[in-house]
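Chemist: Sequence and computational prediction follow.
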Amino acid sequence: MNGRSRFAFATMVAVAIMLLAQSPAFAASQMVRKVDNFIVLFDMSGSMSWRYCDTDSRKADLALADLKAMNELIPELGYNSGLATVASYHKYAALTPYSRSGYAANFTPLGDAVAAKTLLGPATPLGDGIRQAGADFTNLSGKTAIIIFSDGGQNTGRDPVVAAEQLHKNSGGNICFHTVSYATKPHDQAILDEIAAVGNCGHAVTTVDMADPARRAQFVKDVFYTEAVAAAPLDPDSDGDGVPDSRDACPDTPRHLKVDARGCPIPIKMRLEILFDFDKSDIKPAYVPEVEKVATLLKAHPEATVLIEGHTDNVGSAAYNMALSKRRAKAVEDYLETKLGIAPNRVHSEGFGLTRPIADNATEEGRAHNRRVEATFQNLFELR
């Protein structure tokens, strides 16, 4: 072989090595899995049939497309995988060794269910679904990722954040939650962010993030694997809030503020110790100081506003309790405005009925705690 031939051969080898290094098979050999199992929980509630924001796409259709796109990026590193829906709960795939094509086979029956979904579908027992998944997917060994595709519109059953915290605790910290959000309301987004923040080991993205190839790939990497050979690219945290810039939805957050899993400041939430008599919405004199706490904060921070949330126990119909919770929240709103001098444009109220219990409705004590009011402030955030 003459010199020119040797040069040509060496060039061919170099090009082949470069192409091999860029192939999925070669890249997979550089990856180390972060989890041993993953389970997808897919929200099939009625609200997932609604259009997402100002688009023509239904939330459920976007979620299915995002799930398929995520599956195309998951490296085959020996995971066990499962798939279930919530609202209503249905297991589409038991925990089995993961392969991309095998997992994709579950998408056909899931897609048929999504196509048949109507606005009259069930409410969202998201907390019940999380709990059921913990009971249903047994023999979990090692680290487990539970990935929730949902709009966060939890409106029935147990508190989903509490359910996630309990499952994380029962696993000895081996279960972490990750959320892909289709929320269109701030309090629904907050639920998903709080779920992802359980154990400080989850990640929260939106369907907008999943539509961006780079962000989608980063989410898959954050959940599933780390680089074993090549050092991971530097991912700076410009505002020093503990959330890398690639995942920071709120850049330039002041350093003195606490942030959620998306890097956004956490609004101050105050539980008011206002307990109501059964079927009543009047504020007893003993609880007036609780309302005054809200007024004090608002007066000290003129830029802040507040959402007053009303909640009930489960005695009576859901419709009646929804109306009762609205009356209770409105009673606090009216007191702040008429008795304590807070401008009407700074106070809003909303009722949640019996959908967000914090105690056991099977006991009188628990029901008393569920008959409550909470205040969530805007433009007023938790400090580090």
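Modeler: Done, it's in. Numbers count the residues shown, from 1 in each chain.

Chemist: Who are the packing partners of the helix or strand hosting residue 368?
Modeler: Element membership for residue 368 (DSSP states H and E) is helix 364-370. Applying 3 or more C-beta pairs under 8 Å, 6 or more residues apart in numbering; DSSP states H and E, we find helix 364-370 packed against no helix or strand. (C-beta placed from N, C-alpha, C; glycine too.)

Chemist: after it comes which helix or strand?
Modeler: strand 373-381.

Chemist: What pairs with that next one, parallel or antiparallel?
Modeler: strand 267-272 (antiparallel), strand 305-310 (antiparallel) (DSSP bridges).

Chemist: could I have that strand exported to PDB, CA atoms only?
Modeler: Extracted in PDB, the C-alpha atoms of strand 373-381 (Å, rounded to 0.1, in the frame of the first residue of the first chain):
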ATOM      1  CA  VAL A 373     -59.800  29.200  54.700                       C
ATOM      2  CA  GLU A 374     -56.400  29.700  53.200                       C
ATOM      3  CA  ALA A 375     -54.800  32.800  51.800                       C
ATOM      4  CA  THR A 376     -52.300  32.700  48.900                       C
ATOM      5  CA  PHE A 377     -50.400  36.000  48.200                       C
ATOM      6  CA  GLN A 378     -49.300  37.300  44.800                       C
ATOM      7  CA  ASN A 379     -46.200  39.400  44.500                       C
ATOM      8  CA  LEU A 380     -45.200  38.300  48.000                       C
ATOM      9  CA  PHE A 381     -42.800  35.300  48.200                       C
END
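
Chemist: which outside residues touch that strand?
Modeler: Contact with strand 373-381 is made by 187, 257-258, 265-272, 274, 294, 297, 301, 303-311, 328-329, 332, as judged by C-beta atoms under 8 Å, 6 or more residues apart in numbering.

Chemist: List only those of those flagged as buried.
Modeler: Burial by neighbour count, judged by 16 or more other C-beta atoms under 10 Å, picks out 187, 257, 265-268, 270, 272, 274, 294, 297, 304-311, 328-329, 332 from these.

Chemist: Residue nearest the middle of this structure, spatially speaking?
Modeler: Closest to where the C-alpha atoms of the chain average out (C-alpha atoms, centre = their mean) is residue 192, at 2.0 Å.

Chemist: So that one sits against residue 204, correct?
Modeler: Yes - if you go by C-beta atoms under 8 Å, residue 192 and residue 204 touch, sitting 6.1 Å apart.

Chemist: what do the two both touch?
Modeler: Common neighbours of residue 192 and residue 204 (C-beta under 8 Å, 6+ apart) are 179, 181.

Chemist: What are the boundaries of the strands in the stretch 51-200 of the chain?
Modeler: 80-86, 90-97, 144-150, 175-181 (DSSP state E, counting those that start in this stretch).

Chemist: just for the stretch 201-350 of the chain, where's the confidence low?
Modeler: 229-233 (pLDDT under 70).

Chemist: And the strands in it?
Modeler: Going by DSSP E, counting those that start in this stretch, the stretch 201-350 of the chain shows strands at 204-206, 225-227, 267-272, 305-310, 347-351.

Chemist: To residue 141, which of those lies closest?
Modeler: Closest to residue 141 of the strands of the stretch 201-350 of the chain is strand 225-227 (C-beta to C-beta; 18.1 Å).

Chemist: got the buried residues for that closest one?
Modeler: Per 16+ other C-beta under 10 Å, strand 225-227 contains these buried residues: residue 225.

Chemist: Give the pairing partners of it; include direction for each.
Modeler: strand 31-33 (antiparallel).

Chemist: Need the contact partners of the strand it pairs with.
Modeler: 75, 77, 78, 79, 224, 225, 226, 227, 228.

Chemist: Next, work out how far apart residue 261 and residue 37 are.
Modeler: 21 Å (C-beta to C-beta, to the nearest Å).

Chemist: ok, residue 308 - contacts?
Modeler: 294, 329-330, 332-333, 336, 347-350, 373-375 are the contacts of residue 308 under C-beta under 8 Å, 6+ apart.

Chemist: Now render these as JSON lines, adding distance to residue 165.
Modeler: Compiled in JSON lines, these are given as follows (distance: C-beta to C-beta, whole Å):
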{"residue": "294", "distance to residue 165": "27"}
{"residue": "329", "distance to residue 165": "26"}
{"residue": "330", "distance to residue 165": "31"}
{"residue": "332", "distance to residue 165": "28"}
{"residue": "333", "distance to residue 165": "31"}
{"residue": "336", "distance to residue 165": "32"}
{"residue": "347", "distance to residue 165": "31"}
{"residue": "348", "distance to residue 165": "28"}
{"residue": "349", "distance to residue 165": "28"}
{"residue": "350", "distance to residue 165": "24"}
{"residue": "373", "distance to residue 165": "23"}
{"residue": "374", "distance to residue 165": "18"}
{"residue": "375", "distance to residue 165": "22"}
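
Chemist: Give the buried subset of these as a PyMOL selection command.
Modeler: Listed next is the PyMOL selection for buried residues among the contacts of residue 308, using 16+ other C-beta under 10 Å:
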select buried, resi 294+329+330+332+333+336+347+349+373+374+375
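
Chemist: Kindly indicate which of the contacts of residue 308 lies nearest residue 358.
Modeler: residue 374 (9.3 Å).
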